[in-house]
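[1] could you work out the structure for the sequence below:
(one chain, ligands or ions: 3)
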Amino acid sequence: MNTSTKHGLAAGDVGRPERPDWTIDQGWEHYTAEDHATWKTLFERQTKLLPGRACDEFVEGMRDLPIGPDQIPDFRRLNEVLMQRNGWQIVAVPGLVPDEVFFEHLANRRFPSGNFIRQPHELDYLEEPDVFHDVFGHVPMLMNPAIADFIQAYGQGGLRAQQLGYLPQLARVYWYTVEFGLLQQGDALRLYGAGIASSFTESQFCLESASPNRIRFELERVMRTHYRIDDFQESYFVIRDLDELLEFTQIDFEPLYQRAAQGTEHQPGDVLADDRVFARGDGSYHLAKRIN
Ligand SMILES: C[C@H](O)[C@H](O)[C@H]1CNc2nc(N)[nH]c(=O)c2N1
Ligand SMILES: N[C@@H](Cc1ccccc1)C(=O)O
Ligand SMILES: [Fe+2]
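    Ligands and ions are numbered 1, 2, ... in the order given. Here you go, the predicted model:
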């Protein structure tokens with residue numbers, strides 16, 4: 001089987017996963033020199049940007065992992081470290097997998113990662129998560145105990161939200177935390193979301209541009225808020241620290257889902273009267289009482 005094709009499927013097998021859980025071999029031996037060179041380009045430009053922008057926990061996770069510029073990481077080696085640290089492992093998948101498959105993996109502390117890498121002409125934009133987004137963006141954070149437990153609980157919560165019929169509300173929580181979350185670190189804001197940690201342009205935009213809103217995270221508010229998949233976020237939501245995520249795992253989401261689904265939905269750029277918004281002055285952020 002040629003596992004280096006984008007979807008990792010053998011000929012004649014198109015559209016059908018080889019295993020019911022959609023996992024495939026990473027096929028590390030099949031990466032080409034060009035694939036490794038793409039990784040190196042992405043790794044080097046992103047590593048320069050992240051000090052002072054990514055939270056300390058991201059930098060520490062990266063430091064402790066066998067992830068470097070020269071090669072696309074081998075999941076077998078990542079798993080030795082991750083498994084020993086907190087029982088998580090990476091499994092290779094051909095791209096986006098169905099929601100229930102995704103949740104089932106997360107609930108069992110398996111993180112599905114695309115095995116393919118983007119093409120040189122799509123360094124800044126791609127539609128499906130590739131190995132750079134999944135490994136560079138997500139895996140350092142998975143080394144952190146709070147994120148490790150939160151993402152497992154999200155998998156369990158996903159299966160429940162599906163049964164209750166509130167998947168859109170739950171997916172927004174994931175989007176505005178694990179993918180695009182900011183947190184407070186001293187007087188500054190830092191990024192911890194993988195979607196911004198792995199993006200050359202958005203890792204700068206989310207912290208330095210005057211244009212997006214940076215709003216104190218509030219669960220029900222986030223559950224009501226649509227997000228953009230085709231452009232920079234218009235709003236980022238800010239948590240106090242990663243332990244705040246653990247508090248969410250203890251909350252029964254069902255009543256929040258019900259209220260969020262009945263109430264008004266918000267567009268990505270909306271700022272509401274009750275929002276607490278971070279404003280920037282003199283290089284540090286402070287929480288404005290209210291901006292409107
Ligand atoms: C709602 C859910 O979190 C989301 O849509 C899932 C679906 N399948 C996925 N599949 C992969 N490989 N990676 C992902 O991030 C997701 N996200
Ligand atoms: N506590 C949530 C589950 C969950 C945990 C963590 C993140 C998201 C959701 C529930 O009751 O369903
Ligand atoms: Fe992601």
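[2] can you name the residue of the protein nearest to ligand 2?
    Residue nearest to ligand 2 within the chain: Gly157 (2.6 Å; C-beta to the nearest ligand atom). In short, each C-beta sits where N, CA and C put it, glycine included.
[3] for that residue, phi and psi?
    phi -70, psi -30 (degrees, to the nearest 10).
[4] contacts only, for it.
    Leu170, Thr249, Phe253 (C-beta atoms under 8 Å, 6 or more residues apart in numbering).
[5] swap the cut-off to 7 Å and go again
    Leu170, Phe253 (C-beta atoms under 7 Å, 6 or more residues apart in numbering).
[6] again, but for His36
    Applying C-beta under 7 Å, 6+ apart, the residues near His36 are Gln71, Ile72.
[7] let's go with 10 Å and repeat that
    Pro69, Asp70, Gln71, Ile72, Ile117 (C-beta atoms under 10 Å, 6 or more residues apart in numbering).
[8] sorry, back to before: distance of the residue of the chain closest to ligand 2 from Phe253?
    According to C-beta to C-beta, to the nearest Å, Gly157 stands 6 Å off from Phe253.
[9] can you list residues touching both of those two?
    In contact with both Gly157 and Phe253: Leu164, Tyr166, Leu170, Val173, using C-beta under 10 Å, 6+ apart.
[10] and of those, the nearest to ligand 1?
    Leu170 (7.1 Å).
[11] next SSE after the helix or strand containing that closest one?
    Counting by DSSP states H and E, the element that carries Leu170 is helix 167-174. Heading C-terminal from helix 167-174, the first helix or strand you meet, by DSSP H and E, is strand 182-185.
[12] adjacent strands (with direction) for that following strand?
    If you go by DSSP bridges, strand 182-185 pairs up with strand 188-191 (antiparallel), strand 235-239 (parallel).
[13] now the last one against helix 167-174, angle please.
    This points to strand 235-239. 70 degrees (axes from the mean of the first three to the mean of the last three C-alpha atoms, to 10 degrees).
[14] would whatever helix or strand comes next after strand 235-239 count as contacting ligand 2?
    Per DSSP H and E, the first helix or strand lying C-terminal to strand 235-239 is helix 243-249. Yes. Applying C-beta under 6 Å from any ligand atom, one finds helix 243-249 in contact with ligand 2 at Phe248, Thr249.
[15] what stretches of the protein score poorly on pLDDT?
    Applying pLDDT under 70 to the chain flags the ranges 1-18, 282-283, 288-292.
[16] strands of that one, start to end?
    89-93, 110-114, 182-185, 188-191, 213-216, 235-239, 277-281, 284-288 (DSSP state E).
[17] winner for burial among the strands paired with strand 182-185?
    Among the strands paired with strand 182-185, the stretch with the highest mean neighbour count (mean count of other C-beta atoms under 10 Å) is strand 235-239, at a mean of 22.
[18] and the angle from that strand to strand 277-281?
    Using the same axes, to 10 degrees: strand 235-239 against strand 277-281 is 90 degrees.
[19] can you check what angle separates strand 235-239 from strand 284-288?
    Using the same axes, to 10 degrees: strand 235-239 against strand 284-288 is 90 degrees.
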